[in-house]
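Student: Build me a model from this:
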Amino acid sequence: MNWGAFDLNLLIVFDAVMQERSVTRAGGRIGLSQPAVSHALSRLRHMLKDELFIRTPEGMVPTPRAEQLAEPLRRALNDMQLALEPETFVPKEASRQFMMAINNYAAVILASPLLMAVTAAAPRIRLDLRPTGLRDMSALLDRGELDLAIGTFDEAGERFASAPLLEDSFVVAMRHDHSAARNPLTPQSLASLSYLDISSSGEETGFVDDWLATRGLTRSITHRAPRLAAAAVLASTDMVAVLSRRLAEHWVQLYGLSICQLPFASPAIRTGMLWHRRFDNQAAHLWLRKLIQQTAASR
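Tutor: Okay, here's the model as predicted:
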């Protein structure tokens, strides 16, 4: 291949389509129109003599050749970005995008104040917040498809670094005039309540069942609902839910719920951020991590 005649911008288009699996979203990611992305893909297909992506109802599906190219190209583009960035980072002047994965808890507690802080400090910086758990987080961080992730993580490999952000506890949330809100909860009253299980919270509440079981008690989980519907359900029924204190306080403000303490010491919920060590001393990444830590400290 004649590299002197090769347009390296085509590789940026390829990488964007590979990550987004959509021509339209890829264009938005790199600042090109949908026709411009399609034209670039057409040129690249001709040069590489492969279809690269097949359009399906689920999006643009890569061919085996595209899958083969994706990871080495992502690494190369990431290395080029790091090499070309200035050694100092001036937030007011910087223009770039950070890709972040964020869990449901952090999305409620941190997303809004973090976006406000970024807008105030660096108006041309864009955060692209994605839900955690959709794909292999380690692989995305390895390939540079994510700058960092915020959530609750198991032990990470040595190639990753982490930092704590928030520590929280569990409480019981219920309608503001619920009869159980009048007195402190006891083992018997805790077991007698009707529970809503929040299916998409990502928080494990089986510790309540374990504690009750040691006292010969069980609780009844009446229904399950996603987090988006849970607060409205709690506000209009006799059901209660066990959830993190900060999330419950958020719902108290929006829906007028009441919060009751558990009749035993709650386990801790720890939220942190995770990133690849190759970004440890990169100026823009350092700035973002510090801003996230400052935002978390204010919550």
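Student: measure residue 198 to residue 69 for me?
Tutor: Counting by C-beta to C-beta, to the nearest Å, the gap between residue 198 and residue 69 amounts to 41 Å. Yep, even glycine has a C-beta here, placed from its N, CA and C like the rest.
Student: Tell me which of these two has more neighbours.
Tutor: Neighbour totals were compared for residue 198 and residue 69, and residue 198 leads with 25 against 20 (other C-beta atoms under 10 Å).
Student: in the stretch 1-150 of the chain, which spans are helices?
Tutor: 9-20, 23-30, 34-48, 64-84, 104-109, 111-121, 137-143 (DSSP state H, counting those that start in this stretch).
Student: now for these, which one comes closest to residue 279?
Tutor: Distance to residue 279, taken as C-beta to C-beta, is lowest for helix 64-84 among the helices of the stretch 1-150 of the chain, at 8.0 Å.
Student: Show residues contacting that closest one.
Tutor: Contacts with helix 64-84, where a contact means C-beta atoms under 8 Å, 6 or more residues apart in numbering, come from 11-12, 14-15, 18, 48, 50, 52-53, 62, 143-145, 278, 282.
Student: Then stretch 106-123?
Tutor: Contacts of stretch 106-123 (C-beta under 8 Å, 6+ apart): 91-92, 94, 102, 125, 127, 129, 131, 150-151, 165-166, 246-247, 250, 271, 287, 291-292, 294-296, 298-299.
Student: Give me the buried subset of the residues you listed.
Tutor: Using 16 or more other C-beta atoms under 10 Å as the burial test, the contacts of stretch 106-123 include 91, 94, 102, 125, 127, 129, 150-151, 165-166, 246-247, 271, 287, 291-292, 295-296 as buried.
Student: sorry, back to before: now for the contacts of helix 64-84, which pair is the farthest apart?
Tutor: Within the contacts of helix 64-84, 50 and 282 form the most distant pair, 33.7 Å apart (C-beta to C-beta).
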